[in-house]
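1. Turn this into a structure:
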Amino acid sequence: MSPVEPRRDAQVIRALRDIAPGTPIREAIDDVIRGRTGALFVMADQADIEPVLSGGIRIDVEFSPKLAYQLAKMDGAIVLDRAGTRIKWANVQLVPDPAIPSSETGTRHRSAERTARQIKALVVAVSAARDVVTLYTTDSSYQLEGTRSLLIKVNQALATLETYRMRLDQVSHRLLSRELAGTATLLDALVVIQRAEMAKRMVAEIERHQIELGTEGRLTEMQLRELSVGVMPDRSAVVRDYMVNTDAESHRKVLDKLGRLSGERLLRLEDLEVLLGYERDVNPIDTVVEPRGYRVLSRIPGLSQVLVERLVQHFGSLSHVLQANPRELAVVSGLGPVRSREVFDSLRRMQEYFSHPQQAQARQ
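-> Numbers count the residues shown, from 1 in each chain. Take a look at the predicted model:
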């Protein structure tokens with residue numbers, strides 16, 4: 001088996017989408033579970049499946065959950081096309097290469113695993129004795145969880161994400177205030193990056209659960225969407241504001257390395273320092289850093305990322321953008337006198353809000 005954790009395996013994730021609640025195939029699987037007949041579903045092209053087929057009935061009809069359930073009452077496997085839209089064969093015996101290693105002990109599941117590995121296709125095994133559904137792909141196997149159990153996990157994860165998001169908003173607000181005042185430290189930036197990455201990972205974990213829940217996860221999906229708004233753009237913008245190198249390729253590499261940091265290393269600020277290009281012995285508390293301005297400028301309504309990029313490239317830092325008047329801002333290609341005034345006014349409102357938040361809120 002692959003060393004990749006099954007829930008992170010791209011093949012398993014695609015398979016979960018194919019048989020999630022709400023799909024016709026899942027309806028057939030649920031019928032088989034209720035009928036306790038057991039079944040093997042193979043989703044493969046005809047040319048791929050032929051080497052492991054023996055006997056069976058070729059029918060080539062449109063997939064129907066009710067028909068699939070009736071065909072599952074026979075002992076053999078049911079072969080669908082890769083899209084799962086047509087039933088190609090029924091009651092076939094699978095005879096994969098016995099030399100292919102398998103960790104399964106049951107005949108049905110061992111054949112399913114070997115078939116999936118030999119023809120590089122999705123095979124779904126439904127146990128007759130237990131309410132268990134196992135997916136087999138080229139390199140992984142995954143046993144489906146019950147909907148109730150998954151919903152409990154998702155709700156617990158959403159509660160954790162809400163806590164993460166609350167903390168992220170707090171440190172992000174503090175960093176923004178200090179950026180506008182010109183007093184941001186490397187520590188402020190590192191904490192925001194750390195918290196944003198933690199929130200991103202929790203979002204990714206819940207999204208994998210949501211795939212498996214299918215239509216059963218509509219309400220939790222709405223909660224997830226609300227809690228995850230802005231996390232990814234903010235994470236990207238803060239990294240680009242404070243990393244030592246400025247080019248887009250370095251930015252992409254840093255984000256990639258950040259996503260692959262272990263949980264333990266993510267909690268060590270010195271590792272985040274090195275990731276951004278700073279020396280490990282730099283004291284983040286005493287190091288005042290100047291942002292380039294990607295995150296602050298991205299918060300201006302109606303200002304595209306292209307114009308944000310041009311402003312940063314032209315002025316070099318947020319402090320220089322803040323010092324510019326509308327006429328100086330209008331020099332940037334694509335702004336013009338009207339848009340430059342809007343940018344100028346938006347930045348002034350931000351500064352006023354963070355300098356005197358109570359007064360700003362009273363006027364709103």
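
2. domain parsing for this protein?
-> The chain breaks down by automatic domain parsing into domains covering 6-144, 145-291, 292-364.

3. Leaving aside the residues adjacent along the chain, what's closest to Lys178?
-> Just to correct that, residue 178 is Arg rather than Lys. Excluding the flanking residues, the one nearest Arg178 by C-beta to C-beta, 6 or more residues apart in numbering is Ala184, at 4.2 Å. Where you see a C-beta, it was placed from the backbone N, CA and C, and this is true even at glycine.

4. contacting residues for that neighbour?
-> Shown in contact with Ala184 (C-beta atoms under 8 Å, 6 or more residues apart in numbering): Leu175, Arg178, Val288, Val289, Glu290, Pro291.

5. Repeat that for Leu303.
-> Contacts of Leu303 (C-beta under 8 Å, 6+ apart): Leu297, Arg339, Val343, Ser346.

6. Over to Ile33?
-> So Ile33 contacts Val126, Asp131, Val133 (C-beta under 8 Å, 6+ apart).

7. Export these as a markdown table, with columns for pLDDT.
-> As requested, the contacts of Ile33 are arranged in a markdown table below (pLDDT from 0 to 100):
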| residue | pLDDT |
| --- | --- |
| Val126 | 94 |
| Asp131 | 82 |
| Val133 | 94 |
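
8. buried subset of those residues?
-> Val126, Val133 (16 or more other C-beta atoms under 10 Å).

9. Can you tell me which of the contacts of Ile33 is nearest Gln313?
-> Val133 (53.3 Å; C-beta to C-beta).

10. The strand or helix carrying Ile25: which residues count as buried?
-> Here Ile25, judged by DSSP states H and E, is contained in helix 24-35. Residues Pro24, Ile25, Arg26, Glu27, Ala28, Ile29, Asp30, Asp31, Val32, Ile33 are the ones in helix 24-35 that count as buried (16+ other C-beta under 10 Å).

11. Including secondary structure, distance to Val203 and neighbour count, could the contacts of Ala184 go into JSON lines?
-> Converted to JSON lines, the contacts of Ala184 look like this (DSSP: H, G, I helix; E, B strand; the rest coil; distance: C-beta to C-beta, whole Å; neighbours: other C-beta atoms under 10 Å):
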{"residue": "Leu175", "secondary structure": "helix", "distance to Val203": "20", "neighbour count": "26"}
{"residue": "Arg178", "secondary structure": "helix", "distance to Val203": "26", "neighbour count": "17"}
{"residue": "Val288", "secondary structure": "strand", "distance to Val203": "32", "neighbour count": "11"}
{"residue": "Val289", "secondary structure": "coil", "distance to Val203": "27", "neighbour count": "17"}
{"residue": "Glu290", "secondary structure": "coil", "distance to Val203": "30", "neighbour count": "15"}
{"residue": "Pro291", "secondary structure": "coil", "distance to Val203": "24", "neighbour count": "26"}
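
12. Tell me the one of these nearest Lys257?
-> Val289 (19.6 Å).

13. ok, the closest one to Arg299 distance?
-> As judged by C-beta to C-beta, to the nearest Å, Val289 and Arg299 stand 19 Å apart.

14. in this structure, what spans have low per-residue confidence?
-> Within the chain, the segments meeting pLDDT under 70 span 1-7, 356-364.

15. Verify the contact between Gln93 and Ile57 for me.
-> No. Counting by C-beta atoms under 8 Å, Gln93 stays clear of Ile57, with 11.7 Å between them.

16. Which one of those two is surrounded by more residues?
-> Gln93 (14 against 11; other C-beta atoms under 10 Å).

17. That one: what secondary structure?
-> strand (DSSP: H, G, I helix; E, B strand; the rest coil).

18. tell me, how many neighbours does the nearest residue to it once chain neighbours are set aside end up with?
-> Leaving out its chain neighbours, the residue that sits closest to Gln93 by C-beta to C-beta, 6+ apart is Ser54, at 4.3 Å. Neighbour count for Ser54, taken as other C-beta under 10 Å: 9.

19. Which parts of the stretch 1-150 of the chain are strands?
-> Using DSSP state E, counting those that start in this stretch, the strands found in the stretch 1-150 of the chain span residues 39-43, 53-54, 57-62, 77-80, 86-94, 122-126, 133-136, 141-143.

20. contact partners of stretch 276-289?
-> Stretch 276-289 is contacted from outside by 183-187, 189-190, 193, 239, 242-245, 254, 269-270, 273-274, using C-beta under 8 Å, 6+ apart.

21. what do you get if the cut-off is 7 Å, keeping everything else the same?
-> 183-187, 189-190, 242-245, 254, 269-270, 273-274 (C-beta atoms under 7 Å, 6 or more residues apart in numbering).
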